[in-house]
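Asker: What would the 3D arrangement of this be:
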Amino acid sequence: MTQIFNFSAGPAVLPKEVLAQARDEMMDWHGSGMSVMEMSHRGKEFMGIAAGAEADLRELLAIPQNYKVLFLQGGAHSQFSMVPMNLLRGNKSADYLDTGIWAKKAIDEASRYCQVNIAGSSKDKNYTYAPSQDALKLNQDAAYFHFTSNETIGGVEMFWTPVTGDVPVVCDMSSHILSRPIDVKQYGIIYAGAQKNIGPAGLTIVIVRDDLIGETIAGTPTMFDYKVHADHESMYNTPATYGIYIAGLVFKWLKSKGGLPAMEKINIEKSTLLYDYLDASDFYHSPIAVENRSRMNIPFTLKEASLDEAFLKQAQQNGLLQLKGHKLVGGMRASIYNAMPIEGVQALIAFMKSFAQANA
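Answerer: Got it, this is the predicted structure:
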């Protein structure tokens, strides 16, 4: 059978070791006689799984004790509403950085609750870069500053954290969390959908500073109140139990590989391989500014768009799956998250070379 490499942007590739362990534990978790999917979320077995997952995530990201870790549902889309509902606190405006499609979705949703100040935008160059600190127009009276640190669709990543004074920084890290070390103390809230670099779809992780919990706007649904989830240790309702279990296995896998510094090293190596080939080729093109090229999601175009379908068909025949770019931007996109081995990138480049030679 042809070796399969899955370049999907999400739900995305998971470590083979994690999938193998989940397979082995599917029918009977550690002699309990139950699958994790069958366990009560309030039983000692699952409570132990959840506590272990949180402890390992705290260790990986060096999360300070004055931050809560919440295992929620609803994806990043729910956080687009939960953030203003929990952080406005009587303020009427918030600052947002406009760097692409996901940032725009967050902006549109926040506009339902407050005045949104666009503190910076890269719309002028079709979202192919991220604004610099010097370009930001900050409002010191803003309730918070929100940015999307990696645009999954556009392939733009920010490798720095905006400085905003006393205004809390909120970040959607869905598509690069755990790919490199970060300083959690620089943020008020970090949130991420799990389906890209953590685990299966259905789980959302929120890391929120204690002082930002407990004062929601009028009419906030109970399920959208961070304090409710914090007070109940993410067990106010039935959480995404199997998602938390798989996430916990991924966290242990990351620790076994040397943690986030080791992940960053291999992610730099993988992405550099592909970008170097794109830059050396006159058949393929990377549209993203060099300083903002994502290590996780790499969009590229072919010299002739008429060759796109043939490229995708032949790539699939060679075991290279899910390379079609998002429908809003077209072209191709290779998502190379933590679980993508370097052999996958090498196989993609080898195919790209042969396709280019055959269609020059």
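Asker: all strands for the stretch 51-200 of the chain, in order.
Answerer: 67-72, 93-98, 115-121, 145-148, 150-151, 156-157, 169-172, 189-193 (DSSP state E, counting those that start in this stretch).
Asker: To clarify, my last question referred to the stretch 201-350 of the chain.
Answerer: With DSSP E, counting those that start in this stretch as the criterion, the stretch 201-350 of the chain has strands at 204-209, 284-285, 297-302, 320-321, 332-335.
Asker: Those: which one's closest to Ala356?
Answerer: Closest to Ala356 of the strands of the stretch 201-350 of the chain, according to C-beta to C-beta: strand 284-285, at 7.0 Å. C-beta: built from backbone N, CA, C; applies to glycine.
Asker: now the spatially closest residue to Val69 that is not a sequence neighbour: how far from Asn66?
Answerer: Leaving aside its sequence neighbours, Val69 sits nearest to Glu54 (C-beta to C-beta, 6 or more residues apart in numbering; 5.0 Å). Relative to Asn66, Glu54 is positioned 15 Å away (C-beta to C-beta, to the nearest Å).
Asker: Tell me which of the two has more neighbours.
Answerer: With neighbours defined as other C-beta atoms under 10 Å, Glu54 and Asn66 compare such that Glu54 has more, 22 against 9.
Asker: so how far is Gly48 from that one?
Answerer: Separation of Glu54 from Gly48 (C-beta to C-beta): 11 Å.
Asker: re earlier: so can I have a markdown table of the strands of the stretch 51-200 of the chain showing distance to Leu136?
Answerer: Output for the strands of the stretch 51-200 of the chain, formatted as a markdown table (distance: least, C-beta to C-beta, whole Å):
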| stretch | distance to Leu136 |
| --- | --- |
| strand 67-72 | 25 |
| strand 93-98 | 7 |
| strand 115-121 | 5 |
| strand 145-148 | 9 |
| strand 150-151 | 17 |
| strand 156-157 | 16 |
| strand 169-172 | 12 |
| strand 189-193 | 19 |
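Asker: Give the burial count for Ala62, as a bare number.
Answerer: For Ala62, the count of nearby residues is 13 (other C-beta under 10 Å).
Asker: no, scratch that, I was asking about Leu328
Answerer: If you count neighbours by other C-beta under 10 Å, Leu328 ends up with 9.
Asker: quick one: it from Arg23, how far?
Answerer: 36 Å.
Asker: Specify the helix with the largest residue count in this protein.
Answerer: helix 259-280 (DSSP state H).
Asker: which stretches of the chain form helices?
Answerer: 16-24, 44-61, 75-87, 101-110, 226-231, 241-256, 259-280, 308-317, 342-358.
Asker: could those helices go into TSV alongside mean pLDDT and distance to Glu291?
Answerer: Compiled in TSV, the helices of the chain are given as follows (pLDDT from 0 to 100; distance: least, C-beta to C-beta, whole Å):
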stretch	mean pLDDT	distance to Glu291
helix 16-24	98	33
helix 44-61	98	24
helix 75-87	97	25
helix 101-110	97	18
helix 226-231	98	34
helix 241-256	98	27
helix 259-280	98	12
helix 308-317	98	28
helix 342-358	98	21
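Asker: Nearest to His176, out of the ones you listed?
Answerer: Proximity to His176 (C-beta to C-beta) singles out helix 259-280 among the helices of the chain, at 8.8 Å.
Asker: Sounds good, over and out.
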